[in-house]
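> Predicted structure and sequence below. I'll ask about it afterward.
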Amino acid sequence: MSVDCPAPTFSCDMSQLLKKASGRVSGPLGRTIPTLVEELDSDPYTADDAVQAVLQAEAMLKSNNARIKVDWTGPVEMLTLANGSLEDILADIEPEDLKEAEDRVAACDETVDPRQP
């Protein structure tokens, strides 16, 4: 079968999208959602919608990486849904809580290596 039906090949490294999504989207989102829900009283259902959409996008990227079926639009649609849910969450945060968080971030010294004790 492998002689008559070779696996599809792509000129790009399709694993990069999954690695970047995991490291830059679902990882930070997974650490942030509990704070948004518990401390800032965000809607847990909207938060769960965002997480599920990101996980679905990553599942599609993983399938793309395995070259089972390359879906170019599905991950974009899922990340767009996640973005909409996140916008809803952020819109519901009280302005004084948002200002307090912005001030806390502004006070951080970004020159310090976060891995240092």
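Received the coordinates, thanks. What you are looking at is a predicted structure, and each value in this text was computed from that prediction instead of being measured.
> Low-confidence regions, the protein specifically.
1-2, 6-11, 67-69 (pLDDT under 70).
> Please, where are all the helices along it?
In the chain, the segments counted as helices under DSSP state H are 15-21, 27-38, 44-66, 74-91, 95-106.
> closest to residue 5 out of those helices?
Nearest to residue 5, of all those, is helix 44-66, at 15.9 Å by CB to CB. Placement of C-beta: from N, CA and C, glycine included.
> Disregarding residues adjacent in the polypeptide, which is nearest to residue 25?
residue 54 (5.6 Å; CB to CB, 6 or more residues apart in numbering).
> Same question for residue 71.
Spatial nearest neighbour of residue 71, chain neighbours left out: residue 60 (5.3 Å); criterion: CB to CB, 6+ apart.
> Would you check that that neighbour makes contact with residue 75?
Yes: between residue 60 and residue 75 there is a contact under CB atoms under 8 Å: 4.7 Å.
> for stretch 81-100, the distance to its chain's centre please.
Here stretch 81-100 is found 16 Å from its chain centre; the criterion is CA atoms, centre = their mean, to the nearest Å.
> Would you check how far apart the nearest residue to residue 61 once chain neighbours are set aside and residue 71 are?
Nearest non-adjacent residue to residue 61, counting by CB to CB, 6+ apart: residue 18, 4.1 Å away. Distance of residue 18 to residue 71, given as CB to CB, to the nearest Å: 13 Å.
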